[in-house]
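coords below, sequence missing:
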């Protein structure tokens with residue numbers, strides 16, 4: 001495959017993600033004063049109540065520390081609350097408050113309208129399914145490649161491991 005074609009595809013994917021994110025977030029902020037990151041967390045909690053911070057972080061492929069900060073802001077705004085995890089005393093469960101449920105329900109309508117305007121009104125349902133399948137395949141291949149690379153690395157000698165934010169040095 002031509003190198004230029006792959007670079008163009010990369011640029012189009014990245015640009016689309018940025019423009020889609022900015023467009024949806026702009027409307028959510030204008031109508032609900034809600035950043036898209038916060039909406040995504042609230043929406044997950046609406047769909048799957050009782051998630052741990054770790055669960056949320058894994059769902060969005062972000063750090064536990066970053067996730068905790070988002071949840072802290074949502075909790076301070078009265079949109080969610082942490083409660084003790086009955087299955088693990090070391091973690092807590094995050095639940096929407098009634099105010100959080102009300103906000104995310106309204107914001108969900110805006111989110112769905114924007115998806116329809118920006119994607120659904122432009123390409124067919126069949127194309128949506130095809131593009132989704134291709135993107136899922138690319139993501140799975142990337143995760144496999146990352147796992148293989150991680151597994152093939154030689155261990156760093158003790159005391160020389162680099163510390164990544166939010167992760168203890170090994």
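Done, it's in. Keep in mind the model is a prediction, meaning the values are calculated, not measured.

what's the helix or strand for residue 25?
Residue 25 is located in helix 3-32, with elements delineated by DSSP states H and E.

tell me which stretches of this protein form strands.
51-52, 80-84, 92-96 (DSSP state E).

low-confidence regions, the protein specifically.
154-170 (pLDDT under 70).

helices along the chain, start to end?
Taking DSSP state H as the criterion, the chain carries its helices at 3-32, 36-47, 53-60, 64-76, 98-115, 125-152.

re the thing from before, which strands or helices does the helix holding residue 25 pack on?
helix 36-47, helix 98-115 (3 or more CB pairs under 8 Å, 6 or more residues apart in numbering; DSSP states H and E). C-beta: built from backbone N, CA, C; applies to glycine.

okay, the ones you listed in CSV with distance to residue 81 and mean neighbour count next?
Shown next, in CSV, are these (distance: least, CB to CB, whole Å; neighbours: other CB atoms under 10 Å):
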stretch, distance to residue 81, mean neighbour count
helix 36-47, 10, 20
helix 98-115, 9, 16
